[in-house]
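**Q** just a sequence and a predicted model for now, questions to come.
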Protein chains: 2
Amino acid sequence: MTQENTLKLPSGAVRSELVMADGRKIRYYDATARNRSAKDLRPADDQPGIGEMRLDLLTNEWVVLAAHRQGRIFLPPKELCPLCPSKGELLSEIPDSDYEVVVFDNRFPSLKRPEGEWQLPAMAGIETEIPDSAGICEVVCFTADHGTSFGELTTAQIRTVMSAWQDRTRELSKLPFIEQVFPFENRGEEIGVTLAHPHGQIYGYSYLTPRTEKMLKTATDYFAKYNRVLLDDLIARELQAEIRIIAQNDHWIAYVPFAARYPFEIHVAPKVGVPDLAALSEAAADAFPDVAKEVLMRLDGVFGIPMAYIAAWHQAPVRAGRDLLRLHWQITSIRRAPGKLKYLAGSESAMGVFIMDMKPEQSAAQLREVKI
Amino acid sequence: MTQENTLKLPSGAVRSELVMADGRKIRYYDATARNRSAKDLRPADDQPGIGEMRLDLLTNEWVVLAAHRQGRIFLPPKELCPLCPSKGELLSEIPDSDYEVVVFDNRFPSLKRPEGEWQLPAMAGIETEIPDSAGICEVVCFTADHGTSFGELTTAQIRTVMSAWQDRTRELSKLPFIEQVFPFENRGEEIGVTLAHPHGQIYGYSYLTPRTEKMLKTATDYFAKYNRVLLDDLIARELQAEIRIIAQNDHWIAYVPFAARYPFEIHVAPKVGVPDLAALSEAAADAFPDVAKEVLMRLDGVFGIPMAYIAAWHQAPVRAGRDLLRLHWQITSIRRAPGKLKYLAGSESAMGVFIMDMKPEQSAAQLREVKI
């Protein structure tokens, strides 16, 4: 089968792109080619307008206002899940009656494709303009199975998710208004997840985020001083110290960082540094699912309960620091004990100073001791 | 009554300083002189050791490790509250049987007075030393009444709290290892508060916190470009726009900032800018309680329930930016509806990009509409 709307990806997976009733796009990612042509039978809802961004002059950081998102659905029962495949009466976000992995444009996007040309306004103090909140918000459904989790997928399924992340990184990096591509997963009601179905999101930002800007500055200064790439040196330190490593294979290392900020924080990085997911070798991409599964199983095993976490792909920006910033996957959990969460209170929230009650070596030992 | 351990403060309030059984200090702040000599009758527990700080090289930020704090008491019943006055069997942190306002050294400090001379290690990449977590952690009990809240205190009581904050700012600023003094209050179990008794904390940091460093850079750049002080201009903008103001009097203005990050965020600033609490005129300090009460009553009134919040005093650092950074009180709440909290998920937590579902003008209107 070859259709105009299909593309064979480097991994062998196949992407099929379709248009939803309201004009949004949906992309099916399948390990091997399948016929994807199911029509979106829902009435064409109006799409919400674009939000705005305001400059916080105290910190020189943009804040995104998405006031139109208040109508979002909140923890619907399984039979009304908008991320399950469409079946009979239920017309969900995914028109087909089954899928492997899909990525579709978010119905309630915080950041939206701008109409016409767009550029970030010049900084002009109090006179700085209020631009539209340009960017991209996509939803990534990891599996059609409502009751599972990313870490419980088969390695083949995770490989297909990886193909989707790689494809989206490649595609979004081509957009002139995108400076940074950020695939991530929020998991758990404790951190405000409103849909239980296993899914992640991809944000395309139209500027360098504060965190990435800071990491780029740090990596730039480091290179100027030592003529080496910062994350390469950090990984070398972890490989040598060993004490904070919790999983590894030929291509990936997973460790609790030396200066972790959360009760459980794990960084997963390729041993051969690359700027982003699209730049991973096929061998490295193929080797990711094993390590990902091990890390997430260890995390769920620490207290024997599903751990709430944020899993964030840090990638080099599209047009800056390509040789200085390295791909890594940062997993942070605020759970510090079965009944206890770590909250960001005064010091963390207002001053940016994190206080950790547990040594990284302690949490690494706890993660390593989990029987899997 | 004049004792060696008492000091009359500029406001007329009197401070009496005593030593607790384990060597920590406690200071009673009273509107007028009272005899404070009650002895701490508890056995002298060992004090926990000092923690360490590790440099997160990815961001060039220090992370404080306070692994000794895990034994902290968690939401004790009222009759065992360590912040109530001592009575009969209950020997609390406050030896006296009654008090107005007290400030004592935290029993489980994240930051601790260093032994001997201390200085922040030089940045040396991976070779950067791990210093002791030098600093100060104090607890501020706002009232002996367990069942009330800061916003419900009388204006006279709040004035005494203000005298205590001013005194602590003056005193801690004299310490050679302190660069920044940060009084704050975490309120509400939703944000992890472990003691219900109305209280705040004061952190003295041994370096400029990431947030303050960023604000100092921004204010410095702003001054270089416009030859004006940033916060003065922001306040002028709010006074002119009016739409985001929620309370004011001759000396203070309270407003929702133009680029608020939280569902409810209020900044309270003196109309005549000063670097810190110690620099407030007596008239401005006297005028604070009225505005503080109005702001907090409006906040509790929005949903008719006590609002969880973080109230953070941003002050100019002790030795930098004294003419560029201005005192202001930042109150942030993550509650966006009676049953809903805003969580810091992927975009906020990993990238530092805040997505707001509500316009600042909306939340300002909601706050203004509260009948008080």
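**A** Structure's in. What do you need? Keep in mind that what you see is a predicted model, and the values were worked out from it rather than measured. Residues are numbered from 1 along each chain as shown, chains lettered A, B, ... in the order given.

**Q** closest residue of the stretch 51-200 of chain A to chain B?
**A** A:G192 (3.1 Å; C-beta to the nearest C-beta). Any C-beta I mention is one placed from the backbone N, CA and C, and that applies to glycine too.

**Q** likewise for the stretch 201-350 of chain A?
**A** Closest point on the stretch 201-350 of chain A to chain B, by C-beta to the nearest C-beta, is A:Y343, at 3.1 Å.

**Q** so how far is B:G188 from that residue?
**A** 10 Å (C-beta to C-beta, to the nearest Å).

**Q** what's around the residue of the stretch 51-200 of chain A closest to chain B, how many residues?
**A** Neighbourhood size, A:G192 [other C-beta atoms under 10 Å in any protein chain shown]: 16.

**Q** confidence score at it?
**A** Per-residue pLDDT puts A:G192 at 80.

**Q** isn't it up against B:S347?
**A** No - contact criterion C-beta atoms under 8 Å: A:G192 and B:S347 do not qualify, at 11.8 Å.

**Q** so how far is chain B from A:N5?
**A** For A:N5, the distance to chain B equals 29 Å [C-beta to the nearest C-beta, to the nearest Å].

**Q** hey, what's the closest residue to that residue other than its chain neighbours bridged with?
**A** Nearest in space to A:N5, with sequence neighbours left out and distances taken as C-beta to C-beta, 6 or more residues apart in numbering or on different chains, is A:E17 at 4.8 Å. As for beta bridges, A:E17 partners with A:R27 under DSSP bridges.

**Q** show me what contacts A:E17?
**A** Taking C-beta atoms under 8 Å, 6 or more residues apart in numbering or on different chains as the contact definition, A:E17 lies against A:5-7, A:25-28.

**Q** which of the residues you listed sits closest to chain B?
**A** Using C-beta to the nearest C-beta, the contacts of A:E17 come closest to chain B at A:R27, 20.4 Å.

**Q** give me the neighbour count for the closest one.
**A** Neighbours around A:R27, by other C-beta under 10 Å: 22.

**Q** do A:A287 as well
**A** A:A287, neighbours per other C-beta under 10 Å, totals 20.

**Q** which residues does it contact?
**A** Contacts of A:A287 (C-beta under 8 Å, 6+ apart): A:249-252.

**Q** how is the residue of the stretch 201-350 of chain A closest to chain B assigned, secondary-structure-wise?
**A** Following DSSP: H, G, I helix; E, B strand; the rest coil, A:Y343 is assigned to coil.

**Q** same check, this time on A:H146
**A** With three-state DSSP as the criterion, A:H146 reads coil.

**Q** isn't it up against A:C84?
**A** Yes - taking contacts as C-beta under 8 Å, A:H146 lies within contact range of A:C84: 5.4 Å.

**Q** ok, these two, which is more surrounded?
**A** A:C84 (19 against 15).

**Q** surely that one touches A:T143?
**A** No - the criterion here is C-beta under 8 Å, and A:C84 misses it with A:T143 at 10.2 Å.

**Q** buried sites along the helix or strand harbouring A:D167?
**A** Per DSSP states H and E: A:D167 is located in helix A:155-173. Residues of helix A:155-173 classed as buried: A:157-173 (neighbour count, 16 or more other C-beta atoms under 10 Å in any protein chain shown).

**Q** alpha carbons of that helix, as PDB, please.
**A** Output in PDB follows, covering the C-alpha atoms of helix A:155-173 (Å, rounded to 0.1, in the frame of the first residue of the first chain):
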ATOM      1  CA  THR A 155       9.700  -2.700  23.600                       C
ATOM      2  CA  ALA A 156       8.200  -2.800  20.100                       C
ATOM      3  CA  GLN A 157       5.500  -0.400  21.100                       C
ATOM      4  CA  ILE A 158       8.000   2.000  22.700                       C
ATOM      5  CA  ARG A 159      10.100   1.800  19.600                       C
ATOM      6  CA  THR A 160       7.100   3.000  17.600                       C
ATOM      7  CA  VAL A 161       6.500   5.900  20.100                       C
ATOM      8  CA  MET A 162      10.200   6.700  19.600                       C
ATOM      9  CA  SER A 163       9.700   6.800  15.800                       C
ATOM     10  CA  ALA A 164       6.800   9.200  16.300                       C
ATOM     11  CA  TRP A 165       8.800  11.500  18.600                       C
ATOM     12  CA  GLN A 166      11.700  11.400  16.100                       C
ATOM     13  CA  ASP A 167       9.300  12.200  13.200                       C
ATOM     14  CA  ARG A 168       7.600  15.000  15.100                       C
ATOM     15  CA  THR A 169      11.000  16.500  16.100                       C
ATOM     16  CA  ARG A 170      12.100  16.400  12.400                       C
ATOM     17  CA  GLU A 171       8.800  17.900  11.100                       C
ATOM     18  CA  LEU A 172       8.300  20.600  13.800                       C
ATOM     19  CA  SER A 173      11.900  21.700  13.400                       C
END
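
**Q** strand partners of the helix or strand that that helix is followed by, parallel vs antiparallel please.
**A** Downstream of helix A:155-173, the next assigned helix or strand under DSSP H and E is strand A:180-187. The pairing partners recorded for strand A:180-187 under DSSP bridges are strand A:199-205 (antiparallel), strand A:309-314 (antiparallel).
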